[in-house]
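Undergrad: turn this into a model:
(one chain, ligands or ions: 1)
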Amino acid sequence: MNRREFSKRSLILGAGIITGSQKIGMGNTESDNSNYYEEPLKKLPIRNFDVVVAGGGTSGVVAAIAAARQGAKTALIEAKGYTGGTVTEGGTALHSFYNLWKAFPGVTKRQVVRGIPAEIIDRLVKVGGTTGHCEMERGYEYDSVCTAIDTEFYKLITMEMLDEAGVFMALNTLVVGAIKDGARIKGVITESRSGREAFYAKCFIDCTGYGDLAAHAGAEYTEPNDHAVCNSVGIGNVCMDRYYDYLKSHNAIGQLGRGMRSGKPNQVIRVGNESVRLPDGFSEEAGKIGMSMITTSVHDNYLMFIKCNLKLPVSPTDRDTVSKAELTIRKNMARAVELFKKYVPGCENAFMARTSPRLCIRRGRLITCDYDITHEDVIEGRHFNDDVFVYGFHDMAPSLQIKDGGTYGFPYKALCVKGIDNLLASGMLITSARRAHLSTRNTVCCMGQGQATGTAAALCSVKNCGIRDIRYTDLYEALKKSGVYFES
Ligand SMILES: Cc1cc2nc3c(=O)[nH]c(=O)nc-3n(C[C@H](O)[C@H](O)[C@H](O)COP(=O)(O)OP(=O)(O)OC[C@H]3O[C@@H](n4cnc5c(N)ncnc54)[C@H](O)[C@@H]3O)c2cc1C
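TA: Purely as a prediction, here's the structure:
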């Protein structure tokens, strides 16, 4: 669906435009009223905030904490009953807090993403919920470190941090519309078991991954459908060390990292290879179900996670296509576990311990922003005069790496939603060039974007101004003060 089709769902009411979840019957002309139900108008209770963050996932959590710590009265609206989003539902290795120093002899190792994202990892370390930042022994041309997380602790820790920061968490609540006043968003409409409500604020951040808020607010977007969707399965009752031995015996180790596992240091925590040639049909069957062979583990006897990819014929905003895909991938995940049981020594009694709660996407809507980061910006390691953090990882390394194992700067203008005065966006929903997106969509980059948008939104709310009216020096100082790292 494009913006024009989506906009047909809009209702124009009074001075404001309310856009929302009214579903126009598929395949009907607009003149055919017999298949439409006209929803009666409702009076919605209003809640007032300085900043509203839509989506409490990878970037949204950090955005809300950042905004609240700057003193903004902040609400986080999240569709599920927990926070963390895809970082807790897709893979478990967070790419990447560091530059790719190991692939470039002589280059200094540096932690380039700090601030709130780094604080989350520090808190996870305390509860045994991460491997820590482990240097890779093999495959370090891809990422020089592996930072794997216990996804359940990630949910708990981020909810605690949001609570401590004073964020109002509206969980199990869906953003279903936007209330516009000219080029400004006045509020968002939400739906939960407590009914429909309006959340008013001075500034908004779309962290929904899908770009739901931006689309409701009439922002420009496309739906490139340029990535496979993917769910992941956690496999219990397996032996990571014997899986490692199995790959090793077939000379199939592409990546290897050792670190903290079940409280013990120097354990195998990341192992695998995308293109292994394992005997007995393992590889062939893995290919048929789109299975990725890279896995991590934070706990003994548990593989977190095996991923099953599926390319959809249309964008993952299409409900009916997604419903079918949910079943296909579920079948494929069961087949993946059967493969481990059948072929890998030590996995004979494996079982599906956990699956992604719903289809995970790598891209839904692509929201148009004031600036679109290019692939050259990324690999040339360009910096801008409005950088809000720096980043040093590319998902296609080693074939595409950031120049000299360095970083590129993330410009503020790439987070400003075009045509709307008070809407920022962070996460996988920006960056049109697929090869640039293969850098900007990664978890740690999304978290860095979250800290930038949350901080900027809070500054806007204090000054009661638009997102383009704050002074960059104020934003830079606020980010630096809260631990964000910049390359000088
Ligand atoms: C299977 C898979 C594996 C991956 N593996 C890795 C990896 O190993 N390492 C890595 O660095 N990156 C990985 N990625 C990429 C990375 O995880 C994502 O790009 C990133 O987490 C996206 O963050 P986000 O904040 O944009 O979205 P999300 O983290 O998905 O957050 C969006 C949140 O918004 C909520 N939401 C959506 N719509 C609404 C609405 N209308 N109202 C309220 N709430 C809403 C969702 O419930 C969700 O919590 C993987 C991606 C996938 C799909």
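Undergrad: avg pLDDT for stretch 37-45?
TA: When pLDDT is averaged along stretch 37-45, the result is 93.
Undergrad: quick one: the helices in this structure, in order.
TA: Along the chain, the segments classed as helices by DSSP state H run 3-7, 58-69, 115-126, 151-165, 212-216, 240-249, 282-288, 319-343, 375-379, 434-440, 443-463, 472-481.
Undergrad: in the last one, which residues are buried?
TA: The neighbour-count criterion (16 or more other CB atoms under 10 Å) identifies 475-476, 478-479 as the buried residues of helix 472-481. (Glycine included, C-beta is placed from N, CA and C.)
Undergrad: out of those, what pair is the most spread apart?
TA: Farthest-apart pair in the buried residues of helix 472-481 is 476 and 478; separation 7.4 Å (CB to CB).
Undergrad: which stretches of this protein have low pLDDT?
TA: Across the chain, residues meeting the criterion (pLDDT under 70) sit at 1-31, 274-276.
Undergrad: please repeat the previous calculation with a cut-off of 50.
TA: Residues of the chain that meet the criterion pLDDT under 50 lie in 10-17, 20-28.
Undergrad: and it, which of its residues are near the ligand?
TA: Remark: the part of the chain in contact with the ligand comprises 54-60, 77-80, 85-87, 90-91, 93-95, 174-175, 207-210, 212, 230, 232, 307, 360-362, 427-428, 441-443, 446, using CB under 6 Å from any ligand atom.
Undergrad: now, those residues that are in strands?
TA: Per DSSP state E, strands hold the following members of the residues of the chain next to the ligand: 54, 77, 174-175, 230, 232, 307.
Undergrad: ok so, going back, what's the most buried one of the helices of the chain?
TA: Across those, the average number of neighbours (mean count of other CB atoms under 10 Å) peaks for helix 58-69, which reaches a mean of 32.
Undergrad: tell me what that helix is packed against?
TA: Counting contacts by 3 or more CB pairs under 8 Å, 6 or more residues apart in numbering; DSSP states H and E, the secondary-structure elements packed against helix 58-69 are strand 51-54, strand 74-77, helix 115-126, helix 151-165, strand 203-206, helix 443-463.
Undergrad: now do the last one against helix 58-69, angle only.
TA: What it means is helix 443-463. Computed with axes from the mean of the first three to the mean of the last three CA atoms, to 10 degrees, the direction of helix 443-463 lies at 30 degrees from that of helix 58-69.
Undergrad: any idea how far residue 291 is from residue 285?
TA: As defined by CB to CB, to the nearest Å, residue 291 lies at a distance of 8 Å from residue 285.
Undergrad: same check, this time on residue 79
TA: Remark: distance between residue 79 and residue 285 (CB to CB) = 34 Å.
Undergrad: for residue 48, which non-adjacent residue is closest in space?
TA: Leaving aside its chain neighbours, residue 48 sits nearest to residue 200 (5.0 Å; criterion: CB to CB, 6 or more residues apart in numbering).
Undergrad: how many other residues sit next to whatever residue of the chain ends up closest to the ligand?
TA: Closest contact between the chain and the ligand, by CB to the nearest ligand atom, is at residue 57 (1.8 Å). Residue 57 has 27 neighbours, counted by other CB atoms under 10 Å.
Undergrad: got a list of what residue 159 touches?
TA: Contacts for residue 159 were tallied using CB atoms under 8 Å, 6 or more residues apart in numbering; they are 82-83, 169.
Undergrad: and these, which of them are in strands?
TA: The subset of the contacts of residue 159 located in strands under the criterion DSSP E comprises residue 169.
Undergrad: select from the contacts of residue 159 the one having the most neighbours.
TA: Among these, residue 83 has the most neighbours (other CB under 10 Å), with 28 neighbours.
Undergrad: surely that one touches residue 61?
TA: Yes - with contact taken as CB atoms under 8 Å, residue 83 and residue 61 are classed as touching, separated by 5.0 Å.
Undergrad: fine by me, we can end here.
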